[in-house]
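> please work out how this folds:
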Amino acid sequence: MGTCMQLNKIIGALALMGLAGAAAAQETVVKIGVSGPLSGAQAFAGKDNENGVRLAVEELNAKPITVGGKKVKFELMSEDDQADPKAGVGAAQKLVDSGVKYIVGPYNSGVTIPASRVYNDGGALVATVASNPKITEQGYKGLFRVNASDTQLGSKMALYAAKELKLKTVAVIDDRTAFGQGVAEEFKKQAKVSGLNVVGHEFTTDKAADFTSILTNLKAKKVEAIFLGGYAPQGAPMARQMKQLGLNAKLLGGDTICSAEMGKLGGDAVGDNVLCAQGGAILDKAAAGPAFKDRYKKRFNQDPDVYAASFYDGMMMYADAMKKANTIEAAKVGEEIAKGSYKGVAGTYAFDDKGNMKSSPVTIFTFKGGQPLPLTSY
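Numbers count the residues shown, from 1 in each chain. Alright, predicted model coming up:
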């Protein structure tokens, strides 16, 4: 009798193992790679972006999608590219070598330009917010820009300065990164077309902290605004030093200074004197915006920053295309994204033949109480 019971138990256990094996066979694991600055001065942005993807992955895993008759489980793999081109190429190689076919990021244009070749050679798809126009001129079929380009960010800021702020005399400072240089040139180009007088173009780096000599030079030229092609860790001390020097000019910039970090580092030197252009519509006015902000805050105990919603959308866009194509094969999913359209939180993602968004609104922000405050979208 005892032997019989033991036998039944063994048979039962084997049957359960078989069922578990069958369940595992019904699940497909898809690795999602995130590349961004997770350390250093720009870590606030990198972690915010990563959190956007993490939230999407957790929501998708809680209610799994089915592709090719199997439930899909997403696994997040993050690499710190340190906002550095060389580290970014290393991060890209590591992700590709790990079999990752879906990348959300990188954040920086200077990283994205060289890293995108590695991803392309590895057959991976890339959804990036990096804005330098050169990124989508490389001819990579699997690369999609889920944000406005420098052309839109820089030119819309120049249009706003001319038409709304009615400025006449401006100057440009760029940090010589691929992003800073690109967005500054686009601002300058549109500024001249709009009748603004560009009286200076100064240069710095993305590691600098003292801008006194540059600012003193521009103060002598009686500039009404300075456009910074650079990031918040430089923008905030620049705003402080402008105040200390009595340089009563607006500080303008692209999406990289549209961040709470700008207010945090700049203190009372950052207010309505700072304006910036960011890709996407005003989140609070977007249909799914407030609900996304609530879910993000509940999960991470902080408000989403500049591109959390875009990174979230990039992940959700991949999942949506997998469902539509009924495959997890990257090339076919890429074809689906290229021909289709996905309505996300921060915008509707439909792309031209280069991988740029067909329509990407730009929002102009200022600052109030240390936080970016949206003024208008166009």
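> what about the strands in the stretch 1-150 of the chain?
27-36, 66-67, 70-80, 102-104, 125-128, 143-145 (DSSP state E, counting those that start in this stretch).
> tell me which of those strands sits most buried.
strand 102-104 (a mean of 31; mean count of other C-beta atoms under 10 Å). The way it works is simple: take the backbone N, C-alpha and C, and place the C-beta from them, glycine included.
> report all helices and strands that that one contacts.
Helices and strands touching strand 102-104, by 3 or more C-beta pairs under 8 Å, 6 or more residues apart in numbering; DSSP states H and E, are strand 27-36, strand 125-128, helix 308-325.
> looking at those, which is nearest to Lys47?
strand 27-36 (7.9 Å; C-beta to C-beta).
> packing partners for that closest one?
helix 43-62, strand 70-80, helix 85-97, strand 102-104, helix 308-325.
> residues contacting the residue nearest the centre of the chain?
Taking C-alpha atoms, centre = their mean, the centroid of the chain lies closest to Val129, which sits 3.9 Å from it. Val129 makes contact with Asn49, Gly105, Tyr107, Arg145, Val146, Asn147, Asp255, Gly279, Tyr307, Ser310, Phe311 under the criterion C-beta atoms under 8 Å, 6 or more residues apart in numbering.
> try it again at 7 Å.
Shown in contact with Val129 (C-beta atoms under 7 Å, 6 or more residues apart in numbering): Tyr107, Val146, Asn147, Tyr307, Ser310.
> now do the same contact list for Val118.
Val89, Ala92, Gln93, Val96.
> the helix or strand harbouring Arg240 versus helix 43-62: what angle between them?
Per DSSP states H and E, Arg240 falls inside helix 232-244. Angle of helix 232-244 versus helix 43-62, following axes from the mean of the first three to the mean of the last three C-alpha atoms, to 10 degrees, is 140 degrees.
> any idea how far Gly347 is from the residue lying closest to Gly344 once chain neighbours are set aside?
Using C-beta to C-beta, 6 or more residues apart in numbering and skipping the chain neighbours, the partner closest in space to Gly344 is Asp313 (3.2 Å). Between Asp313 and Gly347 the distance is 7 Å, computed by C-beta to C-beta, to the nearest Å.
> if you count surrounding residues, which of those two has more?
More neighbours surround Asp313 than the other of Asp313 and Gly347, with 31 against 22 (other C-beta atoms under 10 Å).
> surely that one and Thr348 touch.
No - using C-beta atoms under 7 Å, Asp313 is not in contact with Thr348, being 9.6 Å away.
> now do the contacts for Gly33.
Met77, Glu79, Leu95, Val100, Tyr102, Ile103.
> list just the nearest of the residues you listed to Gly266.
Nearest to Gly266 among the contacts of Gly33, counting by C-beta to C-beta, is Glu79 at 29.9 Å.
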